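Trainee: here is a sequence with its predicted model. Questions after.
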Amino acid sequence: MKIKTKQSKTDFQTEKLPHTRTQVFWDVLKINWRTFFVLAFVLFAGFVPMLLCLFFRDNYALGLSVRMSRGEISKEAALSLYKYAHLICAGACWVSFYFLAVAICFATRFIRQMIWYEPIFVKEDLAKALKNGYGSAAICATFAGIILVVSKLMLFISNNAIVQIIPAAIFIPFISMPLLLTYVQSTIYLGKFSQLLKNSIALYIKEALKVLLFGLLLLLPILFALMDQFLMVKYIVLSAYLLVFENLFILMFYLVCNHIFDKYINREQFPEIYKKGLYIEPESMK
């Protein structure tokens, strides 16, 4: 089964072809808006297990607060149960990350095809998404899960909420960004994870600000796992964010990564995919 795209008679005129990654972004949205609509729900489905974990955690914490206010349980006992509830939830979220990795693989595969202006064959591309990208995605999920559990273990060291943020504050800028670059590389290049990670660290050192800026937009939903407040508004806003913005930010990040790969890798090593998806003037190809 092949996905249909929207086309007009002027789409293939030279002046209408995308010359920059920004133009590719808007062009992809215009041509493939139906696919993006579907991808939004695929990504949301991937986040559902994590959202359920957080919801039950917050609901349990609210119940402890009510029981403590009624005098049914002491403050010390409530605090102890609260810590264990967070730790158990962190472990459950860790498992949910592997389900999320599947949705991310599907989304990034389809996005790669769209920004390269290649056709999407649903059955074939779903299989290739898991074969080429899930291994790297699962490794990234493992790192994220470990950091989340460690952040909750910090509660047993100190009751200060800031303490549990320390592992995430170290992980996000220094570990997660190279991991994200590694995952995107795995959807394009063949190679061992260790080699791709080595490349990613070198690329991140050179383009840290750009990668961090767009990478943080992707990780905003994960940061909700560190929040304690039970607010229905939190889940409404998070759900809306996932349905409307997450797939757009994945598209942005993937385009940024392609720009970085073109700059440091593709021009010399893989000229066949250098600036793929962009219109290149004949003079510049000589």
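Mentor: Thanks, I have the structure now. No experiment lies behind these values; they were computed from the predicted model shown. Numbers count the residues shown, from 1 in each chain.
Trainee: only C-alpha atoms for contact and neighbour calcs from this point on.
Mentor: Fine.
Trainee: and the helix or strand containing residue 180, what does it pack onto?
Mentor: Element membership for residue 180 (DSSP states H and E) is helix 177-186. Packing contacts for helix 177-186, counted by 3 or more C-alpha pairs under 8 Å, 6 or more residues apart in numbering; DSSP states H and E, involve helix 122-153, helix 193-206, helix 208-223, helix 247-261.
Trainee: comparing those helices, which gets the lowest mean pLDDT score?
Mentor: Here the lowest mean pLDDT among those goes to helix 208-223, at a mean of 87.
Trainee: elements contacting it?
Mentor: By 3+ C-alpha pairs under 8 Å, 6+ apart, helix 208-223 packs against helix 177-186, helix 247-261.
Trainee: any chance of those helices in TSV, plus distance to residue 35 and mean neighbour count?
Mentor: Below are these laid out as TSV (distance: least, C-alpha to C-alpha, whole Å; neighbours: other C-alpha atoms under 10 Å):
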stretch	distance to residue 35	mean neighbour count
helix 177-186	20	24
helix 247-261	11	21
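Trainee: for these, which one sits closest to residue 110?
Mentor: helix 247-261 (9.9 Å; C-alpha to C-alpha).
Trainee: now do the helix holding residue 180 against helix 122-153: the angle between them, please.
Mentor: 170 degrees (axes from the mean of the first three to the mean of the last three C-alpha atoms, to 10 degrees).
Trainee: can I get helix 177-186 as PDB, trimmed to CA atoms?
Mentor: Taking Å, rounded to 0.1, in the frame of the first residue of the first chain, the C-alpha atoms of helix 177-186 are listed here in PDB:
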ATOM      1  CA  MET A 177      21.800  14.800  22.600                       C
ATOM      2  CA  PRO A 178      24.600  12.600  21.300                       C
ATOM      3  CA  LEU A 179      22.200   9.600  21.700                       C
ATOM      4  CA  LEU A 180      19.600  11.400  19.600                       C
ATOM      5  CA  LEU A 181      22.100  12.100  16.900                       C
ATOM      6  CA  THR A 182      23.200   8.500  17.000                       C
ATOM      7  CA  TYR A 183      19.600   7.300  16.600                       C
ATOM      8  CA  VAL A 184      19.000   9.600  13.600                       C
ATOM      9  CA  GLN A 185      22.300   8.300  12.000                       C
ATOM     10  CA  SER A 186      21.100   4.800  12.400                       C
END
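Trainee: that one vs helix 247-261, what angle?
Mentor: Going by the same axes, to 10 degrees, helix 177-186 makes 80 degrees with helix 247-261.
Trainee: so who does the residue lying closest to residue 185 once chain neighbours are set aside touch?
Mentor: The shortest distance from residue 185 to any non-neighbouring residue, by C-alpha to C-alpha, 6 or more residues apart in numbering, is to residue 196 (6.7 Å). Residue 196 makes contact with 182, 185, 186 under the criterion C-alpha atoms under 8 Å, 6 or more residues apart in numbering.
Trainee: ok, now how distant is the closest residue to residue 151 other than its chain neighbours from residue 170?
Mentor: Nearest non-adjacent residue to residue 151, counting by C-alpha to C-alpha, 6+ apart: residue 164, 4.6 Å away. Counting by C-alpha to C-alpha, to the nearest Å, the gap from residue 164 to residue 170 is 11 Å.
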